[in-house]
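In: Could you look at this predicted model? Sequence included:
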Amino acid sequence: MDEPIQTFEELALRLRPDGAGAYVVQVVRSPYGCRDVHLDLKDLIPPEGLALTISGPRDLGGAKAPQQASSDSSPEAVGGALFRALFRDDLLWTFLLSLGRIEGQKDLGLRIRLIFDPLDPASRQILSLPWELLYRLDTRDFLARSRFTPVVRYLEVPRLTTPLELTSQLRILVALANPEGTTGLDLERECEQMETVLGGNSRIRLKILRSPSLTEVRSALQKFDAHVFHYMGHGSFDPAAGEGSLLFEDSLRRPQPVGAGVLAEALKGLPSLRLVFLNACRTAQISENPELDPFSGSASALALAGVPAILAMQIPISDQAALVFSQRLYEMLAQAFPVDAAVAEARLAVHLDSPTSYEWATPALFMSVPDGRIFSPAASASEPLPPHPAAGRESPAVSGHATVGGSGGITIGGQGHHIEGGIHLTLADFDGVDPATKNTIRQRYESRVIDHPEQAQYHFALGLSYLDQGLYDLAIASLQRALGKTTHEADILYYLALALVGGRRPRSLMLATVRQIESYLTAAIHLDDQKSHYKILLAAVKYDYYVCNGLRVPPPAVDQLISEARGDIDSKEVKTLLLHVRLPAGDILATVNKFI
């Protein structure tokens, strides 16, 4: 059995337009910190010119032969150009230092998470670039082909998903659709091969649906309690409508097109469903037309519907490559590997099976789960989860520690904060706790939330854990669940505001987001006007958004907020909030530093 990677350091990069025709890479999370860098894509090969370098066209008989790359536009050349454009200046050093942290550690990887906002029209062209080909020339490495450096696409959607405990078997529902009158596909042969290579694995259970309707698919997913839905068939994308679709069959085996939105509705609300694998052409495509809905592509629609992970095809893939990819992917997932690490292993398997083909880069992984974990290994029914080795003692590198009690109590730091009886945590309590222990704490909170969804303190504690680790979207969702269920609303409102800032400069936020932050902080101050860090965060947001942009500052004024906060500065909380708000030295940061 392969040893699953339990922990990932993360280099999370938001790619967005800079408003001047170029792009900027915003460092959302990294082990070492970094300033934003500008991205120059003018000389890169356009994605429409790249397709033939990865895979050959599907022939009319259904055989899809891989094609070698041409020398003038090879995947190495394209991937190298993407790497040089992305990892430059400070970001290159951050990347290299981050790699140094994982070197030689079998259970630690570095995830390259590329964050895109499909609602931003100018971001759609950059989203369509083949980021799976990122290539480091000096070491001759494709990053996405190693489970220690997986490359994933992350679409920001308002959904919260937590890992599902994987018990004895990974359950996969496979649907074959090959309507009459369409290009012939040898799906039966492909399916038989899948049954042969996976059927002998006791950790995997397959169920095959032949020529199903969409209603039959949903019913089977519910009855089978499937973890994975694997579609084999035809996909298409209508540029005029900006909509992706899959071909199913009616009762007479005639083509029955199913649009992405309808497919998403059919797969929505299925708690066990963790992954959708669309083995069909053009399912990864998203319209670049700013007037069309970006969530009408097959993959993007499923992400918006709450599917934790989607594998979709950028171009056609051969039957052999798809089979090899699927086999290795499901073997890894059955061992509770993070989905991005499993995909990287599957890419490598395709490469080893056909070294002259670059079909390993054809699948695109879209995730709405920041940590990549769609399954968690089953815990023993007779024993509580064991504490992390660092629990209950001080790490040699830090002074903080955490104790995870078998009865459900969690104690963090030297002051003995315990969440069982109520909300007694602050974000500052996570300072000095080593990363591995933080992951253990977060996983325990996730279990508490699943077991006790009505308990506000668990949602609150989980939200702080997410916030501490820079998982801002998940922090917002958890804190919102805690809101209204407890009398400790002031702290929840404050941390919601901090999560909405999301490690960015306030001046880079949308006005609607700034207004929401202001409303949360105003309410928090109204409930408890003795917390200096509430006022300092509000002052920081107002200064950087309004003053630095030359806008009129709505009351209260920045100076008034700082003056009111001077009386009782909680330096520990202020220092913690500054870790999650990007402010230039010399502005309000200098003012705040006078008092901490």
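Out: Yes, it's here.

In: Secondary structure element for Arg113, which one?
Out: Using DSSP states H and E, Arg113 sits within strand 108-116.

In: centre of the chain versus that strand, how much separation?
Out: Distance, stretch centre to chain centre, for strand 108-116: 8 Å (CA atoms, centre = their mean, to the nearest Å).

In: buried stuff in that strand?
Out: Neighbour counts over strand 108-116 (16 or more other CB atoms under 10 Å) mark Leu108, Gly109, Leu110, Arg111, Ile112, Arg113, Leu114, Ile115, Phe116 as buried. (Glycine included, C-beta is placed from N, CA and C.)

In: From Gly470, how far out is the nearest residue to Phe148 once chain neighbours are set aside?
Out: Spatial nearest neighbour of Phe148, chain neighbours left out: Gly109 (4.4 Å); criterion: CB to CB, 6 or more residues apart in numbering. Look at Gly109 and Gly470: by CB to CB, to the nearest Å, they are 17 Å apart.

In: Adjacent strands (with direction) for the strand holding Arg113?
Out: Applying DSSP bridges, strand 108-116 is found paired with strand 7-17 (parallel), strand 151-155 (parallel).

In: Show me the contact partners of it.
Out: The contact list for strand 108-116, computed with CB atoms under 8 Å, 6 or more residues apart in numbering, reads 5-15, 28-29, 98-99, 101-102, 123, 126-127, 131, 134, 143-144, 147-156, 340-341, 367, 370, 372.

In: Could you give the bridge partners of Arg153?
Out: Under DSSP bridges, the beta-bridge partners of Arg153 are Leu114, Phe366.

In: Report the secondary structure element holding Lys572.
Out: Lys572 belongs to helix 571-578 when assigned by DSSP H and E.

In: Let me see the mean pLDDT of that helix.
Out: Mean per-residue pLDDT for helix 571-578: 75.

In: From the contact counts, what lies against it?
Out: Other elements packing on helix 571-578 under the criterion 3 or more CB pairs under 8 Å, 6 or more residues apart in numbering; DSSP states H and E are helix 532-542, helix 588-593.

In: centre of the chain versus that helix, how much separation?
Out: Using CA atoms, centre = their mean, the offset of helix 571-578 from its chain centre is 27 Å.

In: cool, stretch 534-551 as well?
Out: 30 Å.

In: Which parts of it count as buried, going by neighbours?
Out: Buried positions in stretch 534-551, judged by neighbour count with 16+ other CB under 10 Å: 534-548.

In: least confident pick among the residues you listed?
Out: Least confident of those in the model: Cys548, at 77.

In: That one and Ser508 touch, don't they?
Out: No: judged on CB atoms under 8 Å, Cys548 makes no contact with Ser508 at a distance of 10.5 Å.

In: picking that back up, and of the buried residues of strand 108-116, the nearest to Ala477?
Out: Nearest to Ala477, judged by CB to CB, of the buried residues of strand 108-116 is Ile115 at 16.4 Å.

In: what pLDDT does Gly297 get?
Out: Note on Gly297: pLDDT of 90.

In: just Ala51 next, same as before
Out: Ala51 carries a pLDDT value of 41.

In: what are the ranges of the strands in the stretch 201-350 of the chain?
Out: Along the stretch 201-350 of the chain, counting by DSSP state E, counting those that start in this stretch, strands occupy 204-210, 228-232, 235-238, 243-249, 255-259, 275-279, 309-313.

In: Out of the ones you listed, flag the one nearest Thr94.
Out: Nearest to Thr94 among these is strand 309-313 (26.2 Å), distances taken as CB to CB.

In: mean confidence score for that closest one?
Out: Strand 309-313 carries an average pLDDT of 92.

In: between that strand and strand 243-249, how many degrees?
Out: Computed by axes from the mean of the first three to the mean of the last three CA atoms, to 10 degrees, the angle separating strand 309-313 from strand 243-249 equals 80 degrees.

In: on that earlier part again, what separates the residue nearest to Phe148 from Phe116, distance-wise?
Out: From Gly109 across to Phe116, the span is 22 Å (CB to CB).

In: From the strands paired with strand 108-116, pick the one with the highest average neighbour count.
Out: Mean neighbour count (mean count of other CB atoms under 10 Å) peaks for strand 151-155 among the strands paired with strand 108-116, with a mean of 24.

In: So what touches that strand?
Out: Contacts for strand 151-155 (CB under 8 Å, 6+ apart): 12, 111-116, 118, 127, 131-132, 134, 143-144, 300, 303-304, 340, 343, 364-368, 370, 372.

In: Just the CA coordinates for that strand, please, in CSV.
Out: What follows is strand 151-155, C-alpha atoms only, in CSV (Å, rounded to 0.1, in the frame of the first residue of the first chain):
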residue,chain,number,x,y,z
VAL,A,151,-1.2,21.7,-9.6
VAL,A,152,-5.0,22.3,-9.1
ARG,A,153,-7.5,24.8,-10.4
TYR,A,154,-9.6,26.3,-7.6
LEU,A,155,-12.9,28.1,-8.5
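
In: Distance from the chain centre to that strand, please.
Out: When C-alpha coordinates are averaged (CA atoms, centre = their mean), strand 151-155 and its chain have centres 6 Å apart.

In: now that strand: mean pLDDT?
Out: In this model, strand 151-155 has an average pLDDT of 87.
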